[in-house]
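Q: Take this sequence and fold it.
(2 chains)
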Protein chains: 2
Amino acid sequence: MAKKKSFVKKSERKISKALSKSVAKKEKEGPKEIAARIKEVARGIVKDIESGRNPRFKTKQRGRGNVLFDEKLGIIKLGDKDTTRTFLNIAHARKFLQTMLVMSKTYEYLTNNKTASIREVYYELKHTIGNTKENTFEDQRESDACIVDLEHSIDTIREKLNVHANPKGTLYGDITLVDRQHHNDTFNCLKLGRGGWSIMSRIEPHEIEIKKVNAKYVLVIETSAMYERLVEEDFARKNKAILVGTGGQAARGTRRLIHRLHFEHKLPVYVFTDGDPYGWYIYSVIKQGSMALAAHSRLLACPEAKYIGMTLEDVEDYGLQNVTEKMKPGDIKRAKELLAYEWFKNKPWQKELKKALQLKIRIEQQALANKSLEFVAKEYLPKKIKNREFLP
Amino acid sequence: MAKKKSFVKKSERKISKALSKSVAKKEKEGPKEIAARIKEVARGIVKDIESGRNPRFKTKQRGRGNVLFDEKLGIIKLGDKDTTRTFLNIAHARKFLQTMLVMSKTYEYLTNNKTASIREVYYELKHTIGNTKENTFEDQRESDACIVDLEHSIDTIREKLNVHANPKGTLYGDITLVDRQHHNDTFNCLKLGRGGWSIMSRIEPHEIEIKKVNAKYVLVIETSAMYERLVEEDFARKNKAILVGTGGQAARGTRRLIHRLHFEHKLPVYVFTDGDPYGWYIYSVIKQGSMALAAHSRLLACPEAKYIGMTLEDVEDYGLQNVTEKMKPGDIKRAKELLAYEWFKNKPWQKELKKALQLKIRIEQQALANKSLEFVAKEYLPKKIKNREFLP
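A: Residues are numbered from 1 along each chain as shown, chains lettered A, B, ... in the order given. Purely as a prediction, here's the structure:
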């Protein structure tokens, strides 16, 4: 059994403070500020036209070549490389037009207090242009790309543009939320039976206020079934925990909620996933962010988050050899990739990943049921938290 | 535009009444009754052993050859063909043992007031037998199959065995639920902000009480994004509707909830899906049940449910030609299959399916955003409901 270790080092506190400081202004930006920035970009384009210049739209490069790991902030982020699109350029004209449509539409949402899914944005904007046979969009991928361009151009996230993807994730625990845009509904997520609250796509401060939290930490859980197990065992009440079920990879709304619970309410975040490359990646996305959304880590990541399990040490400690599964070739490939990521380059994770590659096994959260259904809630988690047996 | 039609015929009321009558007793069965039936089966097996007979376990045949459409009840159901497994038979012995393990475990759940996911059942029961190298289970599919055998043997659903699969689906509207197994939590699903209640895996009467419903009908919605749209437009309040978001194919818990809202609270059920074979199938599963779960239709189906859209008539009526999508080969194959199902063999559906196959197009719910974001809530749905423009 691992000795008692404290992973919250001074250096980590510093990282978290730095990120908190860097994000405070961003976090406060509401629809007014964002709409104003869209208008500013639009004005620039109008000026270009009026002064006979080729209209231009500037956004950020998002390829791997412009993604970096910021050790000071503990997040994956984008570098400074820009890319410019001009209207009078056959290769750019169509996309330029599309970007303008998306800009104008999101401006409309923000000023009219409407929100839309990215699929609705596509359908709302799709039409045939004048007397041509040319459609504004042929595929949602085209409008999605424009939304991403716009996010990066005005340095915000789509949720702050009142645009969102599908919701996923569930919340349970002694936390009181207020939906400020919907009858000021005020509700406590400890009082919703065992179902819990279905986390919205957008958890922006001007929409959802976290009014009160009575908890010692946030426990993020990968599988719906383990989330249900812990609710059933009354884990949240008995341990003063907020439970967040991600149902696989955490959706953006869920990540925003976790981020805000950590930064607004200073709650430690513990992540509980299957012990396999998919689970480890879910953890790393919650902690440092992802390469695909590198520009948004500041608003989504939790650099101080800790990994609580499942680990390969658990397999030995609790005699779970019988309920491990063999790694598939895809798992092995993925584990090797994780091994090379900068943010997994610390001793405990290198050891864990190498062990997995050597044993070629994976272990699921629910394998703990092999001890007993209550084991995870009564022994496994409380012990790990008490002894601070985490991976960093 | 279609003329005003009334699809609720006397014959349909009769069907619904017949089903309601046939299911009333089943519905009332709680853990005690189910545990007693498990014990009865177990006693039979003990008797076999004591009197030197080969122990036998009887369940139902579930192949297509034993599935039929019951026109009187309006549901897909299982026929009477049985199948028997005996212990002293090399081909059956392993499965016989596994079935006994699952029987004993679910009996334990029921008498100790515990519930478990089907994955947990697998992990709880997996172990190496005595001094052999033989495991009780090698794969979750083995324990899943035993659960299905048991459901059919004692004529109930797994939820009433306190066993369940993953939850999915969201509830919104003026409905008050009580979780009788969890602090008697009492909550109104109109007051949970725009997120709504995350529907549990098990919505059995002894667990979840539907205390009060203030609504005129239940609107079941296929996509999460359309569900969010209708919540955002305050459709539930303005139309006295209960909104159920299925997020694709409806999970069993969600189907149980819809079923109970219909039968316990006499609410009409309207189903709103994409206009494509996947959406039509989602509808038919909610209405008549499915072949895979034929034995459980009585507790899951809603034979009086109506299909509200999307239809190919909508495409013409609202000029949505521009935002249809081409059917893929898989869609075409599936549409042809639906055309041949007995429960789609009525004039309106045959017409709809043939039209789809002729035009080879599909239309998504969110394509209505092409009119405006509010269109679906302000015009499309209220008009269809007012004029009773449904497919049967």
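
Q: Run through the residues that contact the closest residue to chain B within the stretch 251-392 of chain A.
A: Of all residues in the stretch 251-392 of chain A, residue A:369 sits closest to chain B, at 4.1 Å by C-beta to the nearest C-beta. Backbone N, C-alpha and C define where each C-beta goes, glycine included. Applying C-beta atoms under 8 Å, 6 or more residues apart in numbering or on different chains, we find residue A:369 in contact with A:229, A:375, A:376, B:116, B:119, B:120, B:123, B:124.

Q: run the last query once more with 6 Å
A: For residue A:369, the contacting residues are B:120, B:123, B:124, by C-beta atoms under 6 Å, 6 or more residues apart in numbering or on different chains.

Q: quick one: residue A:15 from chain B, how far?
A: Remark: distance between residue A:15 and chain B (C-beta to the nearest C-beta, to the nearest Å) = 31 Å.

Q: burial of the residue lying closest to that residue once chain neighbours are set aside, as a residue count?
A: The shortest distance from residue A:15 to any non-neighbouring residue, by C-beta to C-beta, 6 or more residues apart in numbering or on different chains, is to residue A:74 (4.2 Å). Neighbour count of residue A:74, defined by other C-beta atoms under 10 Å in any protein chain shown: 24.

Q: just residue A:84 next, same as before
A: If we define neighbours as other C-beta under 10 Å, then residue A:84 has 10 of them.

Q: tell me which element it is part of?
A: For residue A:84, the host element (DSSP states H and E) is strand A:82-86.

Q: Now that strand - C-alpha only, CSV.
A: What follows is strand A:82-86 as a C-alpha-only set of coordinates in CSV (Å, rounded to 0.1, in the frame of the first residue of the first chain):
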residue,chain,number,x,y,z
ASP,A,82,-2.2,34.3,-36.2
THR,A,83,-3.8,33.5,-39.5
THR,A,84,-5.6,36.0,-41.7
ARG,A,85,-8.4,35.5,-44.1
THR,A,86,-9.2,38.0,-46.8
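
Q: immediately after that strand, which helix or strand?
A: Toward the C-terminus, strand A:82-86 is succeeded by helix A:93-112 as the next helix or strand (DSSP H and E).

Q: Let me see the domain layout of chain A.
A: A:10-25+A:166-387, A:30-155 (automatic domain parsing).

Q: and the residue most central in space within chain A, what does it touch?
A: Taking C-alpha atoms, centre = their mean, the centroid of chain A lies closest to residue A:255, which sits 3.5 Å from it. By C-beta under 6 Å, 6+ apart, residue A:255 lies in contact with residue A:300.

Q: same thing but at 10 Å, please
A: A:169, A:199, A:203, A:220, A:244, A:246, A:249, A:285-286, A:289-290, A:293, A:296-297, A:299-302 (C-beta atoms under 10 Å, 6 or more residues apart in numbering or on different chains).

Q: Tell me the predicted confidence for it.
A: According to the prediction, residue A:255 has pLDDT 96.

Q: how distant is the helix or strand containing it from the center of its chain?
A: In the assignment (DSSP H and E), residue A:255 maps to helix A:252-265. From the chain centre to the centre of helix A:252-265 is a distance of 9 Å (C-alpha atoms, centre = their mean, to the nearest Å).

Q: Next secondary structure after that helix?
A: The helix or strand immediately downstream of helix A:252-265 is strand A:269-272, counting by DSSP H and E.

Q: I'd like the next helix or strand past that next one.
A: Assignment by DSSP H and E places the next element after strand A:269-272 at helix A:277-288.

Q: Give me the next element, helix or strand, following that following helix.
A: helix A:297-300.

Q: CA atoms only for that following helix, dumped as PDB, please.
A: The C-alpha trace of helix A:297-300 is given here as PDB (Å, rounded to 0.1, in the frame of the first residue of the first chain):
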ATOM      1  CA  SER A 297      -8.000  25.800 -21.200                       C
ATOM      2  CA  ARG A 298      -8.000  28.900 -19.000                       C
ATOM      3  CA  LEU A 299     -11.800  28.600 -18.700                       C
ATOM      4  CA  LEU A 300     -12.000  24.900 -18.700                       C
END
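
Q: packing partners for the following helix or strand past that helix?
A: Downstream of helix A:297-300, the next assigned helix or strand under DSSP H and E is strand A:306-309. Using 3 or more C-beta pairs under 10 Å, 6 or more residues apart in numbering or on different chains; DSSP states H and E, the elements in contact with strand A:306-309 are strand A:217-221, strand A:269-272, helix A:277-288, helix A:347-359, helix A:381-387.

Q: For strand A:306-309, buried residues please.
A: Residues of strand A:306-309 classed as buried by neighbour count (16 or more other C-beta atoms under 10 Å in any protein chain shown): A:306, A:307, A:308, A:309.

Q: and for it, what are the contacting residues?
A: Applying C-beta under 10 Å, 6+ apart, the contact partners of strand A:306-309 are A:7-8, A:12, A:217, A:219-221, A:268-275, A:279-280, A:283-284, A:286-287, A:348-349, A:352, A:363, A:365, A:368, A:376, A:380-381, A:384-385, A:388-392.

Q: hmm, 8 Å instead?
A: Residues from elsewhere that reach strand A:306-309 (C-beta under 8 Å, 6+ apart): A:7, A:219, A:268-273, A:275, A:280, A:283, A:365, A:380-381, A:384-385, A:389-392.

Q: before we move on, the earlier item: tell me which residues in the strand holding residue A:84 are buried?
A: residue A:85.

Q: Direction included, what does it pair up with?
A: Strand pairing for strand A:82-86, determined by DSSP bridges: strand A:56-60 (antiparallel).

Q: So for the strand it pairs with, mean pLDDT?
A: 94.

Q: Can you tell me the strand partners of the helix or strand following that strand and which way each runs?
A: For strand A:56-60, the following helix or strand on the C-terminal side (DSSP H and E) is strand A:67-70. Take DSSP bridges as the rule and strand A:67-70 pairs in its sheet with strand A:75-78 (antiparallel).

Q: Kindly reformat the helices and strands packed on strand A:306-309 as a markdown table containing distance to residue B:138.
A: Formatted as a markdown table, the helices and strands packed on strand A:306-309 follow (distance: least, C-beta to C-beta, whole Å):
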| stretch | distance to residue B:138 |
| --- | --- |
| strand A:217-221 | 27 |
| strand A:269-272 | 26 |
| helix A:277-288 | 22 |
| helix A:347-359 | 19 |
| helix A:381-387 | 28 |
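
Q: nearest to residue A:328, of these?
A: Among the helices and strands packed on strand A:306-309, helix A:277-288 comes nearest to residue A:328, with 10.0 Å by C-beta to C-beta.

Q: Now do that closest one: everything it contacts.
A: For helix A:277-288, contacts defined as C-beta under 8 Å, 6+ apart pick out A:69, A:74-76, A:220, A:222, A:246, A:248-250, A:255, A:258, A:269, A:271, A:273, A:290, A:297, A:301-303, A:305, A:307, A:310, A:331, A:334-335, A:337-338, A:341, A:343-344, A:353, A:356, A:362.

Q: And stretch A:22-38, by the same measure?
A: Under C-beta under 8 Å, 6+ apart, the answer for stretch A:22-38 is A:73, A:103, A:106-107, A:110-111, A:113, A:150, A:154-156, A:160-162, A:204-206, A:263, A:298-299.
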